[in-house]
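Colleague: predicted coordinates and the sequence they were generated for:
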Amino acid sequence: MPEVSPPRFPRPFVEDTGHTRALHFAKDEVQSRMDVRDPYALYLSYTRMMMGFLLFVPAPAELGMIGLGGGSLAKFCHRYLPRTRITVVELNPYVIALRDTFRVPPDDARFAVLQADGAAFLRATSIRFDVLLVDAYDETGLPEPLSTQRFFDDCRAALSEDGMLVVNLHADHPHHAVHVERIRRSFDDAVLVVDDTSRDNRIVFADRGRPPRELRLGPLRRPVPLDEASWRALQPSFARILTTCKAQS
């Protein structure tokens, strides 16, 4: 039998300004950025928007992430959701090798980073996630296996009864509308699409139980696990989600 060559993975590089540390595959494309003085803060606005799942699922027991990157969301959830078990799936071993550089916590009883193909993992896992975050861009953009109809169907199948999928999409991607339509089809149109404040990203919230836009609107209140500083940083994004819910209700 001929020998099978192992897959080749692109090597990311780190740009360190002294105040911030960024993960890149290309000089003009930032995958993740960290404030060195506050490594657990969510530096990029779209990551703050993705945390909007707390408006719908305030206390997830099981949280899955497809894509580690610089670990911004993984770190934040590990710190501020102490009762949540977190499973992060990352295909590229060179990205995982930089976890210490970006202060990603070590694996423990409730936190694990797995080197695996995200699409294959979702097809095989027996875990039922209360929240599943998909933010898995590489040097070419959104990988094709993570944007198929089958993939979004598998995302839904991997959720608990009232679970939520949250997907980061680039607003200027040529197939952006196709990806949104596939998510709508997988989730029977129980979908809310919110523009990030920068308008470079669109965050899709898809609910297995009921449409997110049916969220009962009320005053913004700080989720219990968050400290005041983190809550202040998240408030503009959460307010934008609520405004979008109201506009589409």
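Modeller: Cool, the structure landed. Quantities reported herein were computed from a predicted structural model and do not represent experimental measurements.
Colleague: identify the bridge partners of Asp108.
Modeller: Phe111 (DSSP bridges).
Colleague: okay, now it: neighbour count?
Modeller: 9 (other Cβ atoms under 10 Å). C-beta here means a position set from N, CA and C on the backbone, and glycine is covered the same way.
Colleague: elements contacting the one helix or strand Ala229 maps to?
Modeller: In the assignment (DSSP states H and E), Ala229 maps to helix 228-248. Counting contacts by 3 or more Cβ pairs under 8 Å, 6 or more residues apart in numbering; DSSP states H and E, helix 228-248 is packed against helix 45-50, strand 191-195.
Colleague: for the record, mean pLDDT for that helix?
Modeller: Averaging pLDDT along helix 228-248 gives 88.
Colleague: any buried residues in that helix, and which?
Modeller: Neighbour-count burial for helix 228-248, counted by 16 or more other Cβ atoms under 10 Å, picks out Ser230, Trp231, Ala233, Leu234, Ser237, Phe238, Arg240, Ile241, Leu242, Thr244, Cys245.
Colleague: what angle separates it from strand 191-195?
Modeller: Computed by axes from the mean of the first three to the mean of the last three Cα atoms, to 10 degrees, the angle separating helix 228-248 from strand 191-195 equals 120 degrees.
Colleague: so how far is helix 228-248 from its chain's centroid?
Modeller: Put simply, helix 228-248 sits 17 Å off its chain's centre (Cα atoms, centre = their mean, to the nearest Å).
Colleague: just say which of the helices and strands packed on helix 228-248 is most tucked in.
Modeller: Comparing the helices and strands packed on helix 228-248 by mean neighbour count (mean count of other Cβ atoms under 10 Å), helix 45-50 ranks first with a mean of 24.
Colleague: after that helix comes which helix or strand?
Modeller: Per DSSP H and E, the helix or strand that comes after helix 45-50 is strand 62-66.
Colleague: tell me what that next one is packed against?
Modeller: Counting by 3+ Cβ pairs under 8 Å, 6+ apart, strand 62-66 packs on helix 72-80, strand 85-90, helix 118-124, strand 129-134.
Colleague: can you show me the CA trace of the last one as PDB?
Modeller: What follows is strand 129-134 as a C-alpha-only set of coordinates in PDB (Å, rounded to 0.1, in the frame of the first residue of the first chain):
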ATOM      1  CA  PHE A 129     -24.200  21.200  22.900                       C
ATOM      2  CA  ASP A 130     -26.400  23.900  24.400                       C
ATOM      3  CA  VAL A 131     -24.300  26.400  22.400                       C
ATOM      4  CA  LEU A 132     -22.100  25.800  19.400                       C
ATOM      5  CA  LEU A 133     -19.900  28.600  18.100                       C
ATOM      6  CA  VAL A 134     -18.500  28.400  14.600                       C
END
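Colleague: what's the angle from the helix holding Ala229 to helix 72-80?
Modeller: Using the same axes, to 10 degrees: helix 228-248 against helix 72-80 is 120 degrees.
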